[in-house]
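>>> Got a sequence here, can you build the structure:
(one chain, ligands or ions: 1)
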Amino acid sequence: MDEIFMLAALAQSRKALPECLPNPPVGCAIVDGQKIVAQGYTRTPGKHHAEADALKQIQGQAFNFLKMYVTLEPCSFHGRTPACALAIAEDRRIDKIYVSILDPDPRNNGKGLDILKNCRKDS
Ligand SMILES: [Zn+2]
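Below is the predicted model of the structure:
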């Protein structure tokens, strides 16, 4: 099933082009059990990244143990938008995150994952 959800995230990332440029096209799916509850993709620069775009759709909703699938490592730095890795780390509803590739951007490149690894509650 992980593969299916990552493919859903990948399908989202295709919607990001060309508006997201020069940011990379990223897609995200949030899964509750076996069901996709939110999907998102990177919008025009300065607007939501894929992760924030998906999180926005479940704003205020009570969920637990959600899984997030992202096609690129969440960003760790505050550019035109707040860092996604921090937003995800602070969202207690997200229990697991699956990332397909590390961000080759030297400003990130593993730092986003470090934030997520260091924040994991009780595990
Ligand atoms: Zn981001």
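>>> can you pull the contacts of the closest residue to residue 81 other than its chain neighbours?
With CB to CB, 6 or more residues apart in numbering as the criterion, residue 81 has its nearest non-adjacent residue at 6.0 Å, and that residue is residue 49. The C-beta positions use only the backbone N, C-alpha and C, and glycine is treated the same way. Residue 49 makes contacts with 23, 26, 42, 43, 74, 75, 81, 84, as judged by CB atoms under 8 Å, 6 or more residues apart in numbering.
>>> Next, the contact list for residue 96, please.
Contacts of residue 96 by CB under 8 Å, 6+ apart are 65, 66, 67, 68.
>>> Show the buried residues in these.
Using 16 or more other CB atoms under 10 Å as the burial test, those include 66, 67, 68 as buried.
>>> and the last one, which of the three is it?
So the one you mean is residue 68. Under DSSP: H, G, I helix; E, B strand; the rest coil, the three-state class of residue 68 is strand.
>>> Pull up the per-residue confidence for the nearest residue to it once chain neighbours are set aside.
Excluding the flanking residues, the one nearest residue 68 by CB to CB, 6+ apart is residue 97, at 4.6 Å. As summarised for this prediction, residue 97 has a pLDDT of 96.
>>> can you start the count at 37 instead of 1 from here on
I'll keep to 37 as the first residue from here, and by that count the last item is residue 133.
>>> Checking my notes, residue 133 in a strand, right?
Yes: Residue 133: assigned to a strand according to three-state DSSP.
>>> for residue 82, what are its contacts?
By CB under 8 Å, 6+ apart, the contact list for residue 82 reads 116, 117.
>>> ok, now how distant is it from residue 138?
Applying CB to CB, to the nearest Å, the value for residue 82 to residue 138 is 24 Å.
>>> Residue 42 against residue 104, yeah?
No: with contact defined as CB atoms under 8 Å, residue 42 does not count as touching residue 104 (10.7 Å).
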